[in-house]
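A.B. asks: Using only what follows, build the 3D model:
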Amino acid sequence: MPAPLGKTPTKKMPKIEVFGLEDSRPTRAAVRFFRERRIVVRFVDLGNRPIDASELRAFMDRLGPTALLEPGAADQTEDRGALLTRLRSHASLLRLPLVRHGDEMTAGQDEAAWRTWLARRNGPGR
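C.D. replies: As a prediction, this is how the structure comes out:
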């Protein structure tokens, strides 16, 4: 049975979190990707509230610092703590959107990974 069209998550629905800027085209595309598949997402607008340090650290541990940064924003001399501080205060340096589904995470628009998450949830015969 498909998920409801409203904003009410169900127990069978995957928990998807999208971190990004409301005026970011890739962020809007990620939210639309999941909503078109009737999945309610938790959207965190980094323009209104900076990402939590532990949340950003989890993305950095999983994906690596270079995967989180927009091309050209990398500073090789910066240590990890300074980079975390800079990314929290300047969300525009991040490769948006940051998407999390349980322990799996992506940075940037990665529809192939998102499709894999949903296919694994639905099973091969669905």
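A.B. asks: Any chance you could list what contacts stretch 96-110?
C.D. replies: Outside stretch 96-110, the residues that touch it by C-beta atoms under 8 Å, 6 or more residues apart in numbering are 14-21, 24, 26-27, 29-31, 46, 51, 58-59, 62-63, 67-68, 94-95, 113-114, 117. Bear in mind the C-beta positions are built from the backbone N, C-alpha and C, glycine included.
A.B. asks: nearest residue to residue 88 other than its sequence neighbours?
C.D. replies: When the adjacent residues along the chain are set aside, residue 88 lies closest to residue 50, with 4.8 Å between them (C-beta to C-beta, 6 or more residues apart in numbering).
A.B. asks: tell me the contacts of that neighbour?
C.D. replies: By C-beta under 8 Å, 6+ apart, residue 50 lies in contact with 88, 89, 91.
A.B. asks: Would you show me how to pick out the buried ones of those in ChimeraX?
C.D. replies: In ChimeraX, a selection of the buried entries from these looks like this (16 or more other C-beta atoms under 10 Å):
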select :88,91
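A.B. asks: just checking, which of the contacts of residue 50 belong to helices?
C.D. replies: With DSSP state H as the criterion, helices contain 88, 89 from among those.
A.B. asks: want to try CSV for the contacts of residue 50, with distance to residue 42 as columns?
C.D. replies: Conversion of those to CSV gives the following (distance: C-beta to C-beta, whole Å):
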residue, distance to residue 42
88, 19
89, 23
91, 17
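A.B. asks: what about the residue nearest to residue 29 when sequence neighbours are not counted, which SS state?
C.D. replies: Here the nearest residue to residue 29 in space, its sequence neighbours aside, is residue 109; by C-beta to C-beta, 6+ apart that works out to 6.0 Å. Under DSSP: H, G, I helix; E, B strand; the rest coil, the three-state class of residue 109 is coil.
A.B. asks: now residue 57
C.D. replies: Once three-state DSSP is applied, residue 57 turns out helix.
A.B. asks: any idea how far residue 87 is from it?
C.D. replies: Between residue 57 and residue 87 the computed distance is 10 Å (C-beta to C-beta, to the nearest Å).
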